[in-house]
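Enquirer: Sequence and computational prediction follow.
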Amino acid sequence: MRTSWADSVANSASESAAPASSGNNGLLRPTRSTYVPPHLRNQTPSTDLPAPPPAVQSQANDRVGYGGPAGGSRWPGGSRPDYGRPGYGSGGRTTAAAAGGWNNRSGGWERGREREVNPFGNDDVEVDGAFTEQENTGINFDAYEDIPVETSGDNVPPPVNTFAEIDLGEALNQNIRRCKYVKPTPVQRNAIPIILAGRDLMACAQTGSGKTAAFCFPIISGIMREQYVQRPRGPRTVYPLALILSPTRELSCQIHDEARKFSYQTGVKVVVAYGGAPINQQLRELERGVDVLVATPGRLVDLLERARVSLQMIRYLALDEADRMLDMGFEPQIRKIVEQMDMPPPGRRQTMLFSATFPKEIQRLASDFLSNYIFLAVGRVGSSTDLIIQRVEYVHETDKRSHLMDLLHAQRETEIHGKQSLTLVFVETKKGADALEYWLCGNGFPATTIHGDRTQQEREMALRSFKSGKTPILVATDVAARGLDIPHVAHVVNFDLPNDIDDYVHRIGRTGRAGKTGLATAFFNENNTSIARSLADLMQEANQEVPAWLTRYASRVSYSGGKNRRTGGGRFGGRDFRREGSFNRGMDYYGGGNSSGGYGVPGGYGGGYGPGVASAWD
DNA sequence: AAAAAAG
């Protein structure tokens, strides 16, 4: 039986004997060992802090209407003109234009839309039934208040509690029901109103916390609401209204799949473009019309240089895994796309950056892309939940294979019939991935591998084969570390530990999803001393058993070099760098500081938002 | 130092 996230929140709240509102905000030590997200740690009761978010929704819309004569793209309730197109959308049940004044817009490809494939893979008749089926009575929705949230910026719109509170449009609402999303997740509760208010956003929220929907819903809704926008018609150039960038091809595909569900029968067309696949097919898709383009940077640059895509009409820009997108390898390419092509500048487009981790230096880079943005940090570091059991074992380099074999044997025995349990093994190099896959297969363990030296076809095949359980072991490089939602991953093995603790966080976050518990095992040896300290800290914060030998390694590590030293910033980076100046306290490794007394750190916070309908969280 | 992203 499925448990919803709200259930778990309600449970954890009822377990808590120390509600945040009990007035003893100064008493920050929880009554029991609970996980506290890094950005809320080391708080001191502080009075010199900004006020909590305003109680009244700000209608602040500080950007000018896009494109001049078309006017503001957002409008106060009630005064919205009816953009319904006569004779349009006579298909019946999904037509909402008449009721709500919603514009089931079309960019001139109505015929294609009539043939739109149902991305839900069912007949989709019982939308309402599906909703009630999922509906849970007796949920303590007040418990949502216990999710630690930190926001900063001007006039932060308050969070919402339900999808119904926000006017996303009936067509989108139906898709939300089809997806069986009952309640917005914390990041959705907070981010959607911010985006709907037209504000730029930098959001810290772990993949798996529902962030894809958090930026897709407002984008799709916003495009639906737009007055029909006359886009230039170059001979072969297309003009998307929204651009979503992600660091890997597979992640772009996944976002595209999700976005297609959300946009079903809304008239909003979503297209994906990524490298390694024949460009001609993607060009044909683009020519059929595109509102939302999901892409990896390389292929997009190619399309831009061929003048097959223009960014001139972009109103929404979303960077997924934004810290990765702005790291050394990607930054020039991203800068080129965002700053050196024909995209409207900050202020004339809406920019949304999402990431689990936002190091200060990356925030600084990112702020170039933003205009008067709101910083949002929601909840825990997803992978550090109680749902994931983290283990570290000392394994010499030469013993790794046999040790892995032992683990796989043990797991075989505990395998539950019916559902294949999957093991994801991370290694450092592409060569190492191939070698380990070969060795595993040779030893009777059906394995496959995914890494950047494989063809896109091989990569997608490997992922399918793994997901289906045909090869229940996947050996992967960091290409699979971020964002991928693979159900039934029971075990993540860090065969080679990464050098960066953030990568570790993302890797183990591939398990412990959909309310299932997950196991993460790391092989540690002398080659990994650079991560010892941050690993020990992370595990301790997540209430995991830290082996004494690891603690010794951790204490031995000097404070000098190492990319894991985020001096003053903290590992989570869940803090607005704009506030560093006034709030940096020397001793405070995690940045500390409290933003909103109203949110505080609830005594019973320990659940995280693992349990729930799996896909609802990405 | 490695990985990812164009062909």
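Expert: That came in fine, so what should we check first?
Enquirer: What is the neighbour count of residue A:549?
Expert: Neighbour count for residue A:549, taken as other Cβ atoms under 10 Å: 12. All C-beta atoms are positioned from the backbone trio N, CA, C, and that covers glycine.
Enquirer: Leaving out the residues flanking it, which one is nearest to it?
Expert: residue A:394 (6.2 Å; Cβ to Cβ, 6 or more residues apart in numbering).
Enquirer: residues contacting the one you found?
Expert: Contacts for residue A:394 (Cβ atoms under 8 Å, 6 or more residues apart in numbering) come out as A:524, A:525, A:547, A:549.
Enquirer: how close does the residue of the stretch 301-450 of chain A found nearest DNA strand B sit to residue A:298?
Expert: With Cβ to the nearest atom of the strand, the shortest gap between the stretch 301-450 of chain A and DNA strand B falls at residue A:329, namely 2.4 Å. Counting by Cβ to Cβ, to the nearest Å, the gap from residue A:329 to residue A:298 is 11 Å.
Enquirer: Which one of these two is surrounded by more residues?
Expert: residue A:298 (15 against 10).
Enquirer: What are the buried residues along the one helix or strand that one maps to?
Expert: Element membership of residue A:298, judged by DSSP states H and E, is helix A:297-305. For helix A:297-305, burial by neighbour count (16 or more other Cβ atoms under 10 Å) applies to A:297, A:299, A:300, A:301, A:302, A:303, A:304.
Enquirer: Repeat that for stretch A:325-335.
Expert: Using 16+ other Cβ under 10 Å as the test for burial, stretch A:325-335 gives A:325, A:326, A:327, A:330, A:333, A:334.
Enquirer: Pick out the most distant pair among the residues you listed.
Expert: Distance extremes for the buried residues of stretch A:325-335: the farthest pair is A:327 and A:333 at 11.1 Å, using Cβ to Cβ.
Enquirer: out of the buried residues of helix A:297-305, which touch DNA strand B?
Expert: For DNA strand B, the contacts drawn from those by Cβ under 7 Å from any atom of the strand are A:297, A:299, A:300, A:301, A:302.
Enquirer: Now for the second one: which residues touch it?
Expert: What it means is residue A:299. Per Cβ under 8 Å, 6+ apart, neighbours of residue A:299: A:273, A:274, A:275, A:279, A:282.
Enquirer: Helices - which of the residues you listed land there?
Expert: In helices, defined here by DSSP state H, the members of the contacts of residue A:299 are A:279, A:282.
Enquirer: any idea which of the contacts of residue A:299 has the most stuff around it?
Expert: In those, the most neighbours by other Cβ under 10 Å go to residue A:273, 27 neighbours.
Enquirer: give the contact list for it.
Expert: A:252, A:282, A:286, A:293, A:294, A:295, A:296, A:299, A:300, A:303, A:309.
Enquirer: got those as TSV, with pLDDT and distance to residue A:444 columns?
Expert: As requested, the contacts of residue A:273 are arranged in TSV below (pLDDT from 0 to 100; distance: Cβ to Cβ, whole Å):
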residue	pLDDT	distance to residue A:444
A:252	97	35
A:282	96	40
A:286	96	46
A:293	98	45
A:294	98	39
A:295	97	41
A:296	97	36
A:299	96	39
A:300	97	43
A:303	96	45
A:309	96	48
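Enquirer: Could I get those residues in TSV, plus columns for distance to residue A:533?
Expert: Below are the contacts of residue A:273 laid out as TSV (distance: Cβ to Cβ, whole Å):
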residue	distance to residue A:533
A:252	34
A:282	45
A:286	48
A:293	41
A:294	37
A:295	37
A:296	34
A:299	39
A:300	38
A:303	44
A:309	45
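Enquirer: out of those, who's nearest residue A:410?
Expert: residue A:252 (35.9 Å).
Enquirer: which other helices and strands contact the helix or strand hosting that closest one?
Expert: Taking DSSP H and E as the criterion, residue A:252 maps to helix A:249-263. In terms of contact count using 3 or more Cβ pairs under 8 Å, 6 or more residues apart in numbering; DSSP states H and E, helix A:249-263 is assigned the packing partners helix A:170-178, helix A:211-225, strand A:242-245, strand A:270-273, strand A:292-295, helix A:456-468.
Enquirer: Turn those into CSV, columns for distance to residue A:387.
Expert: CSV is the format used below for those (distance: least, Cβ to Cβ, whole Å):
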stretch, distance to residue A:387
helix A:170-178, 25
helix A:211-225, 18
strand A:242-245, 28
strand A:270-273, 30
strand A:292-295, 29
helix A:456-468, 20
